[in-house]
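[1] Here is a sequence together with a model predicted from it:
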Amino acid sequence: MFINKEIKIIVKYLYFFVLLFCISSCSKEPGESQGGAKQDISEDVIEDATLEDASEDVIEEEVEEDTYSVWTDPCVKCDWYFCGNLDVIWQKQICINNCDIPPTVVYEGTCEEHLECNPAQPILEANIPCTTDDGYPGVKDKLCNKGQIQYTDCKTDCFAEICDLLDNDCDGDIDEGVKNDCGGCGDVPEEVCDYVDNDCDGEIDEGVSNLCGGCGKAPEEVCNGLDDDCDGEIDEGQLNACGKCGPLEDEICDGIDNDCNGLIDEDLIEACSTDCEENLQYCVGGSWICTAKQPKPEICNGLDDDCDGKVDENLDCLCTVQDIGKLLPCKEKPLVCGEGYKTCECADEDCTELQLSECLAICHWFPTIAPPGSTCDPYLGEIKSEECNNHDDNCNDLVDEGLFSLCYSGPPETMYIGICVPGEMTCSKGIWGNYDDNGLFIKKLCLGEVAPAPEDICNGTDTNCDGKIDEDKELEPTDILFIIDLSGSMVEEINAVTTALNQFAAHYSDSEVVKWGLVFTAATGFGSGSLNIQRVVLQTDLVDFETFMTIFSSLGLTLNGGDEQNYDAIYLSIHNLVGAGALPYPISDLFWNSGLGVWSSTGESVPPKEDWDISWRDDAKHVIILFSDEQGQTYLNPPITESILVDMINAADDLAVYVFTSYILTTMGPGSDNYKALTAAGSIGKLYELTMSAIDMYNNLLEILNETACSKE
């Protein structure tokens, strides 16, 4: 039995190895690996006939000993194997117990169609019609990928419609939904002011016409009671402080704020005199108050109180027995305010010593004069005019208020000669002086005084107040050209310029050495044609000052323009100073851009630009003084730019440009169109604030003349 059992075991192992050999060899076709199957037992194909040849004893033994489930036994491994007699798509499942020695087959399934397709055929179907996720028609391919059917992404040459006259989205329509409102490709044309519906929205010139409904700039506001710029407001920015057109009224002594600056009767000062002195009178509450000393009854104080040239006349000023009981006027403590009295009295019972009493009110000395029912306050004196004595003379709880005095530190003979005028001082705590710019009171400070200068400067006035003008200076040949903007917003400023020039004319000694010329911009009413045409006008070529002032003063200017051709005026005026080589555009190559609306007809010059020549002298300095409240503008084509003018000024012979313009332009940082670069070019000029103050204009013009036309002998 033992031998037979060993033989039986040996036979069992031999049979298993033969079975494995058969499985391995029978699963392959000659020379092939059966669809690329792996060469281990788990991936070989097992044919049905192999298990049928297995020993019944072995099977029976396995069956008898099999008390487990092949699906849960950890010793069992199940895999799929190709079925050799069928297509490679077919497979069956075989489970092998690897814990047996040798391993045994415990389960064999039937052949099933396991793969969806034959991996040897990668493309099953090409160019199948499809639709992309974006909805465009396209094609895709049907593939066999590792036995599984898959589809490629839907590919298409179609894309979103663009405006190119092609059917981009393959729907049979061309450029649908992508044409602009005007039926063309690209952006809708921008609306321009030409009375045409450029952007095809059914509206004409919307957003580009001015507030008045025309093309170009809206008219500038002029002080005339009309809404010139069509913004719904009338005369905005043009009315004076009193809400009226024209210059402010002068302040007069009437208790009314005539110039509407919030102050009443301010700065009204005139000379006045009394028997005591000459001084100034001030307007207070609509009435003049003279600050000259008034005569008073003589008192024993060592002063000429009644201003008759005598001191303490007819008074015994010694406190003697004869003086006992005499009342002497006083303004001192303990009296609180006003004027009181004191007397000479005995200091002891025997009256061996005398003394002055306290300063007390008159009712203290004469109780009977007090009104019935009233109580005498001995410390409240009689109200008097305020004096500079650190005492409340008028009993209004203020000390030394409203006290002013004329002062002048120069030689008396120079006062009111030339530029020399007196100043004024005020009283504070019994001291005459004035307050400096920091509000600090300075003793004997004479504010507003103009004293003689050490030497006479060349400014057309007598600065050393000796009755002679510019005696140590001489004028050099200088050509000065004024360019003045006549737009409607310049009314007050032109008045200030005119006043300053008239004041200058009063002191200026006419000379052939200095010549003066005048150019207008934004000028209407000059030349022929519509009054709305705004021209650049050469009003007068370089002439002597008397002729210049005669022309300037007799013009009767109309200021209602709005197109300030300031850059163009400078170009025309200096083109013959720079030479042909430095001239960017010959005058003949320039033409005017005429406006499209009635308010923007900026199209000419007077005379025509080809005839425009300033008679600059070769041996003279050349100066341009521009007055305008607008940024630099050009209406010529090609346009005249700031950089072009800077190059021309630098190339010109001894040319300096001075500009009076609005405050915002004088304070703007570096940049174009604010004239800073023009004044910094050439011989270097200066930028001034354009104001309505004739005094400021006058002083600035004198400064320019001193810088350009004057030199020492």
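    Yep, it's here.
[2] what about the stretch 551-700 of the chain, any weak spots by pLDDT?
    Residues of the stretch 551-700 of the chain meeting the criterion pLDDT under 70: 556-561, 594-603, 666-673.
[3] let's go with 90 and repeat that
    Across the stretch 551-700 of the chain, residues meeting the criterion (pLDDT under 90) sit at 551-564, 578-582, 591-605, 629-633, 635, 637, 653, 662-676, 684, 689-700.
[4] my guess is E116 is in a strand, correct?
    No - checked against DSSP: H, G, I helix; E, B strand; the rest coil, E116 lies outside a strand; its state is coil.
[5] What's opposite the spatially closest residue to it that is not a sequence neighbour in the beta bridge?
    The shortest distance from E116 to any non-neighbouring residue, by CB to CB, 6 or more residues apart in numbering, is to I149 (4.6 Å). Every C-beta, even on glycine, is put in place using the N, C-alpha and C of the backbone. In this structure, I149 bridges to C144 when assessed by DSSP bridges.
[6] ok, the closest residue to V139 other than its chain neighbours - how many residues close by?
    For V139, ignoring the flanking residues on the chain, the nearest one in space by CB to CB, 6+ apart is N127 at 4.4 Å. Counted by other CB atoms under 10 Å, the residues lying close to N127 total 11.
[7] what does V321 give?
    What V321 shows, counting by other CB under 10 Å, is a neighbour count of 9.
[8] which stretches of the stretch 51-200 of the chain have low pLDDT?
    Screening the stretch 51-200 of the chain residue by residue with the criterion pLDDT under 90, one finds the ranges 51-74, 79-94, 100-101, 108-122, 124, 133-136, 145-149, 160-169, 171-200.
[9] If we use 70, what do you get?
    Per-residue confidence for the stretch 51-200 of the chain (pLDDT under 70) gives these ranges: 51-68, 84-88.
[10] With the stretch 251-400 of the chain instead?
    Within the stretch 251-400 of the chain, the stretches with pLDDT under 70 are 300-302, 309-318.
[11] those helices in it, which residues are they?
    362-365 (DSSP state H, counting those that start in this stretch).
[12] ok, now the chain?
    Secondary structure of the chain by DSSP state H: the helices cover 2-26, 48-52, 56-65, 362-365, 491-507, 545-553, 566-578, 642-651, 663-667, 676-680, 694-708.
[13] do you know how far L687 is from G525?
    Using CB to CB, to the nearest Å, L687 is found at 30 Å from G525.
[14] And for E332, the neighbour number?
    By the measure other CB under 10 Å, the count of residues near E332 is 11.
[15] which non-adjacent residue is nearest it?
    Setting aside the residues directly before and after it, E332 is nearest to C359 in space (CB to CB, 6+ apart), at 4.7 Å.
[16] tell me the contacts of that neighbour?
    Contacts here follow CB atoms under 8 Å, 6 or more residues apart in numbering; on that basis C359 touches 330-335, 340-342, 381.
[17] try it again with 6 Å
    When contacts are counted by CB atoms under 6 Å, 6 or more residues apart in numbering, C359 is found next to 330, 332, 335, 340, 342.
[18] Which residue, other than its chain neighbours, is closest to the first one?
    Once its chain neighbours are removed from consideration, C330 has its nearest residue in C359; the separation is 3.8 Å (CB to CB, 6+ apart).
[19] same thing with I431?
    K443 (5.5 Å).
[20] cool, and N261?
    In space, N261 comes closest to A241 once its chain neighbours are excluded; the distance is 6.0 Å by CB to CB, 6+ apart.
[21] Surely that neighbour touches D257?
    No - counting by CB atoms under 6 Å, A241 stays clear of D257, with 9.4 Å between them.
[22] More neighbours: which of these two?
    Higher neighbour count among A241 and D257: D257, with 16 against 11, using other CB under 10 Å.
[23] how much space is there between that one and I419?
    With the distance defined as CB to CB, D257 ends up 30 Å from I419.
[24] so what's G381 up against?
    Counting by CB under 6 Å, 6+ apart, G381 has contacts 335, 338-340, 361.
[25] among the residues you listed, who's most crowded?
    Looking at these with neighbours defined as other CB under 10 Å, the largest count falls to G340 at 27 neighbours.
[26] Quick check: phi and psi on the closest residue to that residue other than its chain neighbours?
    Spatial nearest neighbour of G340, excluding adjacent residues (CB to CB, 6+ apart): G381 at 4.0 Å. G381 has phi and psi values of phi -90, psi -170 when expressed as degrees, to the nearest 10.
[27] Need the distance between the two termini of stretch 404-416.
    19 Å (CA to CA, to the nearest Å).
[28] May I see the buried residues of that stretch?
    For stretch 404-416, the buried set under the neighbour-count rule, 16 or more other CB atoms under 10 Å, comprises 404-408, 410, 414-415.
[29] Could you identify the most distant pair in those?
    Maximum pairwise distance in the buried residues of stretch 404-416, criterion CB to CB, is 21.8 Å, between F404 and T414.
[30] thought D229 was touching V222?
    No - taking CB under 6 Å as the definition, D229 is not a contact partner of V222, at 9.1 Å.
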